[in-house]
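J.: okay, predicted coordinates and the sequence, questions at the end:
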Amino acid sequence: MAYDTTTDGSLDNLLAGSFLGPEPKAIVWDEYNRPKDKAAFAKLMEITQEWSLAGRRIENLRAQIAVQNPPYHLGRKLLVARNNIAQATRFTVSLTVEPGDIPANEWLIAKYGAVAETVLEWWKHDIDEDGRAWITKRTLERLIKLHQHGLPLEMGTVYLGDGEYAPVSLTALLDRLSNRPVTGLRELAQEVDAWEARLRTAARASSEGSNDSDLVHQVLANAELSQLKQHQAAVARLVALLPPKLRSTYLVGASSEVQRFWIEVFALIPRG
């Protein structure tokens, strides 16, 4: 901001408090490719090019991160400008961040508890890949809040205009939230004796398992780490009765924390 702080009428530029001080700083440019104004990037040039503002170096500025949306989402064009190549070259690295790269599921569970677990189980099990792309983690949080306030869930889905909402059925979610019979990790743990018996029957019938084996496997594979840890004893009992080829998949592509959990669980499985 420019202020008249001098006796001769000239202007001094004063930086906002967040730009002052010796602590490490990072600037996040959200919606970086949103502007249509051709001069927009020029207005940012001093900060992105010189790491200064109004001629004053921003002390201990460590990083600048530009976040931008893709031009299309599920075949629909987004209102964003084309990527500006000259601007893109000013950033050291470029990364594509997928929804799975952000640990939003664990955050939702920590913040909203059981209702978040129910909504996430619906998101993982009851809708297809396109449906999961339409129901972003931000949308999941809106659905949770609407449910908590007793409001229609449809309002939480993406509004596409002309009376159209994101093409995702919420019927199965309403069923889950109405406590109609469903099977998630919580339910498996509550009835672990019965599920152990069903898995033993499946193992005797075939080394490939059965529909019960597939259901338990799907629930375990999709559970968040916090859920697995909460029900570790039940998980260890159930996974011991799954076909080995299913157990081996839990380590593939998993984070080091998840791999460590499964290694500990596998160590509990009786030998022979």
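T.: Cool, got the structure. Residues are numbered from 1 along each chain as shown.

J.: and the closest residue to Leu177 other than its chain neighbours, helix, strand or coil?
T.: The spatially closest residue to Leu177, leaving aside those adjacent along the chain, is His147, at 5.7 Å (Cβ to Cβ, 6 or more residues apart in numbering). C-beta here means a position set from N, CA and C on the backbone, and glycine is covered the same way. At His147 the chain is in helix, as set by DSSP: H, G, I helix; E, B strand; the rest coil.

J.: so His147 makes contact with Glu154?
T.: No: His147 lies out of contact with Glu154 (Cβ atoms under 8 Å); the separation is 11.8 Å.

J.: the more surrounded of those two?
T.: His147 (19 against 13; other Cβ atoms under 10 Å).

J.: so, low pLDDT: which residues of the stretch 51-200 of the chain?
T.: Low-confidence segments of the stretch 51-200 of the chain (pLDDT under 70): 180-182.

J.: could I get the full set of strands for it?
T.: 52-53, 56-57, 61-66, 72-73, 76-77, 159-161, 164-165 (DSSP state E, counting those that start in this stretch).

J.: can I get the ones you listed in CSV with mean neighbour count and distance to Ala172?
T.: Below are those laid out as CSV (neighbours: other Cβ atoms under 10 Å; distance: least, Cβ to Cβ, whole Å):
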stretch, mean neighbour count, distance to Ala172
strand 52-53, 15, 51
strand 56-57, 11, 55
strand 61-66, 14, 37
strand 72-73, 12, 23
strand 76-77, 8, 24
strand 159-161, 10, 21
strand 164-165, 12, 16
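
J.: which one of these lies closest to Asp101?
T.: Asp101 sits nearest to strand 61-66 of all the strands of the stretch 51-200 of the chain, at 14.2 Å, using Cβ to Cβ.

J.: starting at the chain centroid, how far to the closest one?
T.: 22 Å (Cα atoms, centre = their mean, to the nearest Å).

J.: alpha carbons of it, as PDB, please.
T.: Presented in PDB, the C-alpha positions along strand 61-66 are these (Å, rounded to 0.1, in the frame of the first residue of the first chain):
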ATOM      1  CA  LEU A  61      10.800 -15.900   1.100                       C
ATOM      2  CA  ARG A  62      11.600 -19.600   0.500                       C
ATOM      3  CA  ALA A  63       9.000 -20.600  -2.200                       C
ATOM      4  CA  GLN A  64       6.300 -19.500  -4.500                       C
ATOM      5  CA  ILE A  65       3.700 -22.000  -5.500                       C
ATOM      6  CA  ALA A  66       1.200 -21.500  -8.300                       C
END
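
J.: got a list of contacts for stretch 66-78?
T.: Stretch 66-78 is contacted by residues 28-34, 80, 82-83, 87, 91, 130, 133-134, 160 when judged by Cβ atoms under 8 Å, 6 or more residues apart in numbering.

J.: show me the domain layout of this structure.
T.: 2-96, 102-177, 185-267 (automatic domain parsing).

J.: distance-wise, check the residue nearest to Tyr32 when sequence neighbours are not counted relative to Ile144.
T.: If the residues on either side of it in the chain are set aside, Tyr32 comes closest to Ala66, at 3.9 Å by Cβ to Cβ, 6+ apart. Distance of Ala66 to Ile144, given as Cβ to Cβ, to the nearest Å: 30 Å.

J.: for Gln218, same thing?
T.: Using Cβ to Cβ, Gln218 is found at 23 Å from Ile144.

J.: got it, and Pro103?
T.: Distance from Pro103 to Ile144, by Cβ to Cβ: 17 Å.

J.: and the helices in the stretch 101-250 of the chain?
T.: 104-112, 114-125, 129-134, 137-148, 171-177, 185-190, 192-205, 211-222, 225-230, 232-239, 244-247 (DSSP state H, counting those that start in this stretch).

J.: for these, give me JSON lines that also has distance to Glu50.
T.: Below are the helices of the stretch 101-250 of the chain laid out as JSON lines (distance: least, Cβ to Cβ, whole Å):
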{"stretch": "helix 104-112", "distance to Glu50": "35"}
{"stretch": "helix 114-125", "distance to Glu50": "44"}
{"stretch": "helix 129-134", "distance to Glu50": "39"}
{"stretch": "helix 137-148", "distance to Glu50": "34"}
{"stretch": "helix 171-177", "distance to Glu50": "50"}
{"stretch": "helix 185-190", "distance to Glu50": "52"}
{"stretch": "helix 192-205", "distance to Glu50": "62"}
{"stretch": "helix 211-222", "distance to Glu50": "48"}
{"stretch": "helix 225-230", "distance to Glu50": "43"}
{"stretch": "helix 232-239", "distance to Glu50": "53"}
{"stretch": "helix 244-247", "distance to Glu50": "55"}
